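> Pasting a predicted model and its sequence here:
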Amino acid sequence: MLGSGDLDFSFSGLKTAVLLAAPRRRSAAYPDIARAFVDAVVDLLVAKCVRALQMHGLRRLVAGGVGANKQLRAALDSEARKARVRRLYPEPELCTDNGAMSPFAAAQRLARGAPPAHMRSP
């Protein structure tokens, strides 16, 4: 996806890879899997944002709810400084989307011993 040259992206393949890899690993490996997932998402989002700025000659980057992620902000800031692009982010308290609620819901299910929602039978 990074080398596609376009602005399209989807995390379905990445999520599937995590779903297939996680059950084969000891639970001690889960933090490393989660870290690798976040790193991959940040790398992709930054690359696509930079490409969009370049393709369209834009000088300003505005991030939405996902802009609350500190790792993403730092990576975007670094690239935007290089390109002399202005960055605008909403205040973190205004970034209320599923980025926090979905993992929290999964953690609650796991704490109860229930399988994650994606692994339940219909």
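Cool, the structure landed. Small disclaimer: the values here were computed from a predicted structure and weren't measured.

> use CA for all of it now, contacts and neighbours both
Will do.

> for the chain, which residue is closest to the average position?
Geometric centre of the chain, nearest residue: residue 41, 3.9 Å, by Cα atoms, centre = their mean.

> Work out for me the element that one sits within.
helix 30-56 (DSSP states H and E).

> Can you name every helix or strand that that helix contacts?
Packing partners of helix 30-56 (3 or more Cα pairs under 8 Å, 6 or more residues apart in numbering; DSSP states H and E): helix 12-21, strand 60-62, helix 70-83.

> mind listing what's buried in the first one?
The reference is to helix 12-21. Judged by neighbour count using 16 or more other Cα atoms under 10 Å, the buried positions of helix 12-21 are residue 18.

> just how off-centre is that helix within its chain?
On the basis of Cα atoms, centre = their mean, to the nearest Å, helix 12-21 sits 14 Å off its chain's mean C-alpha point.

> Now tell me which helix or strand of the protein has the poorest mean pLDDT.
Least confident element among the helices and strands of the chain, by mean pLDDT, DSSP states H and E: helix 98-111 (a mean of 71).
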